[in-house]
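Student: Here's my sequence, what's the structure:
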Amino acid sequence: MSDNIKERIEKEIEGARAACDVSGGSSQECAAAWDAVEELQAEASHQRVKGTGKTSLEAYCDSNPEADECRVYDN
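Tutor: Presented below is the predicted three-dimensional model:
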């Protein structure tokens with residue numbers, strides 16, 4: 001994950017906390033600010049997976065080979 005996206009995530013988190021402090025934890029502004037944080041985190045995750053050349057399922061199965069989703073059946 002690039003340093004640029006890490007910095008952007010940190011700034012969005014600070015902004016989300018500020019928005020929630022000002023508008024309240026259940027406000028639309030607070031929810032929208034945290035949505036922006038989640039979108040950046042998802043993009044960062046996508047970039048990590050893309051950098052490895054693996055899909056998210058392949059990466060998951062590398063870490064959890066015993067999971068039902070990762071079983072391989074011979075026909």
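
Student: mind listing the helices for the chain?
Tutor: Under the criterion DSSP state H, the chain carries helices at the ranges 3-23, 28-52, 56-63.

Student: any chance of those helices in TSV, with mean neighbour count and mean pLDDT too?
Tutor: For the C-beta atoms, the positions are set from N, CA and C on the backbone; glycine is no exception. Listed next are the helices of the chain as TSV, based on neighbours: other C-beta atoms under 10 Å; pLDDT from 0 to 100:
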stretch	mean neighbour count	mean pLDDT
helix 3-23	14	92
helix 28-52	14	86
helix 56-63	13	86
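
Student: Would you mind giving those as CSV with distance to residue 69 added?
Tutor: Output for the helices of the chain, formatted as CSV (distance: least, C-beta to C-beta, whole Å):
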stretch, distance to residue 69
helix 3-23, 28
helix 28-52, 16
helix 56-63, 7
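
Student: quick one: contacts for the residue nearest to residue 40 when sequence neighbours are not counted?
Tutor: Closest residue to residue 40 apart from its sequence neighbours, by C-beta to C-beta, 6 or more residues apart in numbering: residue 9 at 4.9 Å. Residues near residue 9 by C-beta atoms under 8 Å, 6 or more residues apart in numbering: 37, 40-41, 44.
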